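*Asks:* Coordinates only, no sequence provided:
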């Protein structure tokens, strides 16, 4: 965004003051909207010394000009202002906007001061900060959070790192945020995103060519992307038109995982679904996924699947995609099966759950001639990368990209705002889903859904992010029916039709 601003100013000759005016007016519009369509009677605008503060001066000036009470609390001194920020400070003062300088002595009492207003506009810090906020600004941020007044942040809550989801030091906890021109990483990655409240994106008249040419660090999946990606069905279609997914999984005690993966595939449009599972759980899997073709297989001494890759050759030859791992269990026979299939199967393979646990060398995945999609949760990703789960969660995009680069595979890093990464591709952030999905079996449904989309001919990277979006949308639909607390993976699988139907209705 900083590069876009420079291009707009230097190449298109748009004065920075014009962009600042546009930003302030857009923030004012949002303030009207959240206040029921009218400007609030009293607003405190807390401004810093940079361009974010300059945006705040514009907001305060327009509120004052509308006859509302608007006051600026300046964290700094007028002499510390420069450029367009100083220009808009001078204009605001000329209009009669009162400005109160906030130093170290005043900062501690700001909570009570700000609580007297209807709204607080946060214009202290923007995209340029690195590291934790210190000094008077940090004290003011603490006071803002302690006040009883709702906060509207300009561009991003002060203290957030624009390019990260991490929290460092004091950060404004906003009820709403107006992101200028485009979303930043902090708006979509947790825990930073949880500080932003309701987010709107404001058009500040940056040239479309500038935005189109910008290099995105992340891409956010939108409903229209999914609608455009899904394969639509011709009238003469038959079950063979939409792929055949082979699920390899199930073991005593975890047979439901294989059934959930099969249901995920069936509800995501697969024409046929085969399940290869131990003979000991054959009836259980078949009873839970009645539309699937369930194949009882030899059982190993430990009760898990006791076959080699060559024993599945006939099923693999008929399949268009394989999902291996749901409820598969452990043991040496299973580990050999997983590694052989990952290395040698000549069709796309989704590796999930116990399939991931059987991988002890990412180079094995990298040697595969065909596409492999790995679907780890943060703990599994940490094991594969040789680091702690906390390190994965501290920088999820970096972890997803590292796993993709080391394995050569497409990686779906599950969790809040699941990420889809692939070598040489921009990482995709999935916005759908909710905490109710944090229950056993939901990942099995996702693996089946991705397998079904692969089987229907979607580009593998697209199958991964489309599958993640629909999986989360199904979770949101299930929440509407049963709530977050009571949701089960079965509820999520049953809600997949609602997610697809919503997309079909728009088509």
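*Replies:* That came in fine, so what should we check first? A quick note: this is a predicted structure, and the numbers were derived from the prediction, not measured.
*Asks:* Stretch 239-259 spans what distance, first to last residue?
*Replies:* Stretch 239-259 has an end-to-end distance of 20 Å (criterion: C-alpha to C-alpha, to the nearest Å).
*Asks:* list the buried ones in it?
*Replies:* By 16 or more other C-beta atoms under 10 Å, the buried positions in stretch 239-259 come out as 242-251, 254-259. Heads up, the C-betas are built off the backbone N, CA and C, glycines and all.
*Asks:* can you check stretch 209-220 too?
*Replies:* By neighbour count on 16+ other C-beta under 10 Å, the buried set for stretch 209-220 is 210, 218, 220.
*Asks:* List the ones among the buried residues of stretch 239-259 that fall in helices.
*Replies:* 255-259 (DSSP state H).
*Asks:* As JSON lines, the residues you listed with distance to residue 376 would be great.
*Replies:* Compiled in JSON lines, those are given as follows (distance: C-beta to C-beta, whole Å):
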{"residue": "255", "distance to residue 376": "22"}
{"residue": "256", "distance to residue 376": "20"}
{"residue": "257", "distance to residue 376": "15"}
{"residue": "258", "distance to residue 376": "18"}
{"residue": "259", "distance to residue 376": "21"}
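*Asks:* hang on, the earlier thing: out of the buried residues of stretch 209-220, name the ones that lie in strands.
*Replies:* Judged by DSSP state E, the subset of the buried residues of stretch 209-220 located in strands is 218, 220.
*Asks:* Using a markdown table, lay out the buried residues of stretch 209-220 together with distance to residue 497 and pLDDT.
*Replies:* Listed next are those as a markdown table, based on distance: C-beta to C-beta, whole Å; pLDDT from 0 to 100:
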| residue | distance to residue 497 | pLDDT |
| --- | --- | --- |
| 210 | 42 | 93 |
| 218 | 30 | 93 |
| 220 | 25 | 95 |
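*Asks:* which of the buried residues of stretch 209-220 lies closest to residue 367?
*Replies:* If you rank those by distance to residue 367 using C-beta to C-beta, residue 218 comes first, at 29.1 Å.
*Asks:* isn't that closest one right up against residue 428?
*Replies:* Yes - with contacts defined as C-beta atoms under 8 Å, residue 218 counts as touching residue 428 at a distance of 7.3 Å.
*Asks:* returning to that earlier point: biggest separation within the buried residues of stretch 239-259, which pair?
*Replies:* 242 and 251 (28.6 Å).
*Asks:* How far off centre is stretch 252-261?
*Replies:* On the basis of C-alpha atoms, centre = their mean, to the nearest Å, stretch 252-261 sits 28 Å off its chain's mean C-alpha point.
*Asks:* Walking through the stretch 351-500 of the chain, point out its helices one by one.
*Replies:* 354-357, 362-366, 378-385, 389-394, 396-407, 442-455, 460-486, 489-506 (DSSP state H, counting those that start in this stretch).
*Asks:* Comparing the ones you listed, which stretch has the densest surroundings?
*Replies:* Highest mean neighbour count of the helices of the stretch 351-500 of the chain: helix 442-455, a mean of 31 (counted as mean count of other C-beta atoms under 10 Å).
*Asks:* Please compute how far that one lies from its chain's middle.
*Replies:* Using C-alpha atoms, centre = their mean, the offset of helix 442-455 from its chain centre is 18 Å.
*Asks:* where does the residue of the chain positioned farthest from its centre land on pLDDT?
*Replies:* Largest separation from the mean C-alpha position in the chain: residue 94, at 44.2 Å (C-alpha atoms, centre = their mean). Residue 94 carries a pLDDT value of 98.
*Asks:* Am I right that it sits in a strand?
*Replies:* No - Residue 94 is assigned helix when assessed by DSSP: H, G, I helix; E, B strand; the rest coil, not a strand.
*Asks:* contacting residues for residue 96?
*Replies:* residue 64 (C-beta atoms under 8 Å, 6 or more residues apart in numbering).
*Asks:* For the residue most central in space within the chain, which non-adjacent residue is closest in space?
*Replies:* Residue closest to the average C-alpha location in the chain (C-alpha atoms, centre = their mean): residue 417, at 2.9 Å. In this structure, residue 417 finds its nearest non-sequential neighbour in residue 429, 5.5 Å apart by C-beta to C-beta, 6 or more residues apart in numbering.
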